[in-house]
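Novice: Turn this into a model:
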Amino acid sequence: MRTDPRKGCANEKELLGWAILHDLVAHPFMVLTGYSRLSLRLHDYTSHKAWPRASTPAPRVWRIPTVRFGLLAVTEIQPPGCYSVRHGLILHTLRVKAIDELDAVRQAEEWFATLVDLIPHSAAA
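Specialist: Numbers count the residues shown, from 1 in each chain. Predicted structure coming up:
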C-alpha cells in the first residue's frame, strides 16, 4: 500500500497475521500472475482481513410505482433530505432536496413531466 493503512483509512485495528500474509503472499502473487482477477481478489480479501474497516450500511431504496413514469427508485443519498430519484422507464436520475421520499417523488414527477412537455413527439406517448 502507498500509505500506512492505519492512517490512510478508517481502520479499526491491525491483525498482524493477516498483514504478514497480505504482504508476503498477496503482493507477490499479483505480480506473478500478471495482476489476474484471482490475485486481485486475494489481495483485497487479505487487505480487509488485515485492516478491518468500519462499514456503513447500504442506503435504503424505496421503489414507488407511478402511473405515468413507471417504477421510481428513490434513495436517500445524503441525510437529511437529499434524495436521488431514478426514472422508471428511461435512464435518467434526478437529485432533489425534499422533506421525505414522497416529496422527492412529487418533485421528480413534476420535473419528468416538464421534460416530456419539452419534447413534442413524446407528449402523445
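
Novice: pLDDT weak spots in this protein?
Specialist: Scanning the chain for pLDDT under 70 picks out 1-12, 120-125.

Novice: chain center to the longest helix seen in the chain, what's the gap?
Specialist: The longest helix of the chain (DSSP state H) is helix 101-118. In terms of CA atoms, centre = their mean, to the nearest Å, the centre of helix 101-118 is set 23 Å apart from its chain centre.

Novice: before we move on, what about stretch 90-108?
Specialist: Centroid displacement of stretch 90-108 relative to its chain, using CA atoms, centre = their mean, is 18 Å.

Novice: Ends of that stretch, what's the gap?
Specialist: In stretch 90-108, first residue to last residue: 13 Å (CA to CA, to the nearest Å).

Novice: List the contacts of it.
Specialist: Contacts to stretch 90-108, defined as CB atoms under 8 Å, 6 or more residues apart in numbering, come from residues 62, 64, 66, 72, 74, 76-77, 81-87, 111-112, 115. All C-beta spots, glycine's among them, are computed from the backbone N, C-alpha and C.

Novice: one more time with 10 Å
Specialist: With contacts defined as CB atoms under 10 Å, 6 or more residues apart in numbering, stretch 90-108 is touched by 60-62, 64-66, 69-70, 72-78, 80-87, 109-112, 115, 122.

Novice: cool, and stretch 61-80?
Specialist: Residues from elsewhere that reach stretch 61-80, judged by CB under 10 Å, 6+ apart: 58-60, 82-90, 92-102, 104-105, 108-109, 112-113, 116, 125.

Novice: again, but for stretch 38-45
Specialist: Residues outside stretch 38-45 that contact it (CB under 10 Å, 6+ apart) are 18, 21-22, 25-33, 35-36.

Novice: export these to TSV and tack on secondary structure, distance to Y45 and neighbour count?
Specialist: Converted to TSV, these look like this (DSSP: H, G, I helix; E, B strand; the rest coil; distance: CB to CB, whole Å; neighbours: other CB atoms under 10 Å):
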residue	secondary structure	distance to Y45	neighbour count
W18	helix	9	18
L21	helix	10	16
H22	helix	9	23
V25	helix	11	14
A26	helix	8	20
H27	helix	13	15
P28	helix	16	11
F29	helix	12	17
M30	helix	12	16
V31	helix	17	9
L32	helix	17	10
T33	coil	15	13
Y35	coil	15	11
S36	coil	14	12
